[in-house]
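Asker: I would like to see how this sequence folds:
(one chain, ligands or ions: 1)
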Amino acid sequence: MPEIAIIGAGFIGLASAAALMRDGHRVTLFDPAGVGQGASFGNAGTFAHYACIPVNNPSVFRDLPRFLLSNESPFRLRWGYLPHLAPWLARFMMSSLPRRYEASATALAALLDRAHDGYAPLLADAELARLHDGYAPLLADAELARFVRPRECLYLYSNSASFDAARPALDLRRQLGVAFDVLGGNDIRALEPSLAPIFERGVLFSNSWHFSNPQGFLQTLYLQLADQGLTLQRSTVDAVQPATDGASVTIEGATRRFSHVVIATGARSAQFAKQCGDPVPLDTERGYHVRFPGAQQLVSRPVGWAERGFYMTPMSDGLRVAGTVELAGFGDTRNRSLIDLLTFSSKRALPALDTPDSSWLGFRPTLPDGVPVLGRSRASERVIYAFGHQHLGLTLAGVSGRIVADLIAQRAPPLDLAPYSATRF
Ligand SMILES: Cc1cc2nc3c(=O)[nH]c(=O)nc-3n(C[C@H](O)[C@H](O)[C@H](O)COP(=O)(O)OP(=O)(O)OC[C@H]3O[C@@H](n4cnc5c(N)ncnc54)[C@H](O)[C@@H]3O)c2cc1C
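Answerer: Modelled structure (predicted):
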């Protein structure tokens, strides 16, 4: 039987493996770090099907100068990285113009609209499920995974002016089919009594859920797939060679041939796309988390503080405070002030919080228009791209895996893939 290679064992690689194995394929995953160790490890865990507003949106023209100068800003740029970043940043600004931003939001909403369906077979097949009382409509006929917490996500605004500034984006969400309720201060406190009384407005997004342990979910899924024959090779792939009747991967000078190769290497995918004829302007939005052990009971759902750019998510091992955007490339050096901002701001929101015991830095894969790349390579239809999921890789994993499998099976994907093509740049 022909064998398929997937490079990258994060949310996108694992979901692609699951979908391909459902079709009966033999699959080998390549990742030197093992399963769920990239951006997929430490994210906020939210199934954010409502998040169709990309970071590239018209508010950046208003907010960017203030963001770049303020200590309380969740958005940072490392100036030394600017020469490298300049072409990406120029495209990002262009993509923030109203017309282009609306095109990105529409493309994201079309994918997000299919995100629930994308997860349904993944969760059911993985036998991770346990139906949660009263939440059957979510994930249609599938049961909910034991890692899934079906609680609506709450976004908070500490003053009416910032809520008013967010109105156009909320209106566009509604136009694109996202359902939500607007809350006042009393409603917020009734929902989450541990929050400090500093939030004037809130938005509650219907039908959202979160994982109590994203990496644990991936590890469990991997073990199930491994039982069914999935192979994981802990190696770094150095190169991909496209061909008309297949594709090869090179590891330490040795080449292996596959019927298809799937590129799911998150923020590190540009090198492979270039080798397959598609130079893509992929960069990374770095993000951080801090963990407050044992503090998960303080909120009953993911709570995002919109102005400060982070979520507080109750996880199995504590409260995870995750977010911020730092444009600073792939270096390991952490920005202490962003970790402090997450710590300080979450303690302001939840005064009962004590001290975090760990922090984490992750690399979101982001194209300047905020839209992922999903489709075939220019050089060979046997190389499939699935990368660039920015803040939404967990949410979009199921539908992305399904699209990968549809392309390889020559089935019609669930939506027109033109907006996600690598050739759009
Ligand atoms: C702070 C933060 C919060 C977030 N919150 C959310 C959220 O709430 N909801 C949501 O939907 N998304 C969220 N995200 C985004 C989400 O985590 C990412 O979009 C997603 O993890 C990307 O998955 P991926 O599989 O494409 O990449 P990754 O998880 O980064 O996996 C890529 C893998 O490729 C491997 N790799 C790289 N190069 C090679 C090579 N040469 N050979 C072999 N393997 C290679 C890496 O080791 C890595 O394991 C968040 C991200 C961050 C940073």
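
Asker: State whether residue 213 and residue 146 are indeed in contact, as I suppose.
Answerer: No. In this structure residue 213 lies outside contact range of residue 146 using CB atoms under 8 Å: 9.8 Å. Where you see a C-beta, it was placed from the backbone N, CA and C, and this is true even at glycine.

Asker: can you list the residues that contact stretch 68-86?
Answerer: By CB atoms under 8 Å, 6 or more residues apart in numbering, the residues outside stretch 68-86 that reach it are 63-64, 66-67, 89, 283, 308-310, 323-329, 335, 337-338, 341, 345.

Asker: Please repeat the previous calculation with a cut-off of 7 Å.
Answerer: 67, 283, 308-310, 323-329, 335, 337-338, 341 (CB atoms under 7 Å, 6 or more residues apart in numbering).

Asker: what does stretch 415-425 give?
Answerer: 107, 110, 114, 273, 278, 280-281, 371-375, 377-378, 385.

Asker: okay but residue 356 is in contact with residue 292, surely?
Answerer: Yes. Residue 356 is within contact range of residue 292, at 5.3 Å (criterion: CB atoms under 7 Å).

Asker: Which of the two has more residues huddled nearby?
Answerer: Neighbour totals were compared for residue 356 and residue 292, and residue 292 leads with 25 against 21 (other CB atoms under 10 Å).

Asker: is it true that the more buried one touches residue 350?
Answerer: No. Applying CB under 7 Å, one finds residue 292 not in contact with residue 350, separated by 8.5 Å.

Asker: which residue does the stretch 51-200 of the chain bring closest to the ligand?
Answerer: In the stretch 51-200 of the chain, no residue comes nearer to the ligand than residue 51, which is 7.5 Å away by CB to the nearest ligand atom.

Asker: The closest residue to that residue other than its chain neighbours - how many residues pack around it?
Answerer: Of all residues not flanking residue 51 in the chain, residue 392 sits nearest, at 6.0 Å (CB to CB, 6 or more residues apart in numbering). If you count neighbours by other CB under 10 Å, residue 392 ends up with 26.

Asker: and if you look at the one 4 residues further on?
Answerer: Counted with other CB under 10 Å, residues neighbouring residue 396 total 29.

Asker: which residues sit in contact with the residue nearest to it when sequence neighbours are not counted?
Answerer: Nearest residue to residue 396, sequence neighbours excluded (CB to CB, 6+ apart): residue 389, at 5.3 Å. By CB under 7 Å, 6+ apart, the contact list for residue 389 reads 12, 365, 372, 396.

Asker: Which of the residues you listed has the largest number of neighbours?
Answerer: Each of the contacts of residue 389 was scored for neighbours by other CB under 10 Å, and residue 12 scores highest at 33 neighbours.

Asker: wait, is it part of a helix?
Answerer: Yes. Applying DSSP: H, G, I helix; E, B strand; the rest coil, one finds residue 12 inside a helix.

Asker: Find me the pLDDT at it, would you?
Answerer: pLDDT, residue 12: 98.

Asker: Can you classify the residue of the stretch 51-200 of the chain closest to the ligand as helix, strand or coil?
Answerer: Following three-state DSSP, residue 51 is assigned to coil.

Asker: if we can go back for a sec, least confident pick among the contacts of stretch 68-86?
Answerer: Out of the contacts of stretch 68-86, that is residue 67, at 81.

Asker: in the stretch 51-200 of the chain, which spans are strands?
Answerer: Under the criterion DSSP state E, counting those that start in this stretch, the stretch 51-200 of the chain contains strands at 75-77, 148-149, 153-157, 180-184.

Asker: To clarify, my last question referred to the stretch 301-425 of the chain.
Answerer: 303-305, 310-315, 318-327, 358-366, 373-376, 383-387.

Asker: Export the ones you listed as CSV, with columns for distance to the ligand.
Answerer: Listed next are these as CSV, based on distance: least, CB to the nearest ligand atom, whole Å:
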stretch, distance to the ligand
strand 303-305, 9
strand 310-315, 6
strand 318-327, 4
strand 358-366, 3
strand 373-376, 10
strand 383-387, 5
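
Asker: Point out the most buried one among those.
Answerer: strand 383-387 (a mean of 28; mean count of other CB atoms under 10 Å).

Asker: What angle do strand 358-366 and it make with each other?
Answerer: 130 degrees (axes from the mean of the first three to the mean of the last three CA atoms, to 10 degrees).

Asker: Can you name every helix or strand that strand 383-387 contacts?
Answerer: Applying 3 or more CB pairs under 7 Å, 6 or more residues apart in numbering; DSSP states H and E, we find strand 383-387 packed against helix 11-22, strand 260-263, strand 373-376, helix 397-409.

Asker: So which of the ones you listed is nearest residue 182?
Answerer: helix 397-409 (28.0 Å; CB to CB).

Asker: Extract the CA atoms of the closest one and return them as PDB.
Answerer: What follows is helix 397-409 as a C-alpha-only set of coordinates in PDB (Å, rounded to 0.1, in the frame of the first residue of the first chain):
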ATOM      1  CA  ALA A 397      -7.300  21.100  13.100                       C
ATOM      2  CA  GLY A 398     -10.300  18.900  12.300                       C
ATOM      3  CA  VAL A 399     -11.400  20.700   9.200                       C
ATOM      4  CA  SER A 400      -7.800  21.100   8.000                       C
ATOM      5  CA  GLY A 401      -7.200  17.300   8.400                       C
ATOM      6  CA  ARG A 402     -10.400  16.600   6.500                       C
ATOM      7  CA  ILE A 403      -9.300  18.900   3.600                       C
ATOM      8  CA  VAL A 404      -5.900  17.200   3.500                       C
ATOM      9  CA  ALA A 405      -7.600  13.800   3.200                       C
ATOM     10  CA  ASP A 406     -10.100  15.000   0.600                       C
ATOM     11  CA  LEU A 407      -7.300  16.400  -1.600                       C
ATOM     12  CA  ILE A 408      -5.300  13.100  -1.400                       C
ATOM     13  CA  ALA A 409      -8.500  11.100  -2.100                       C
END
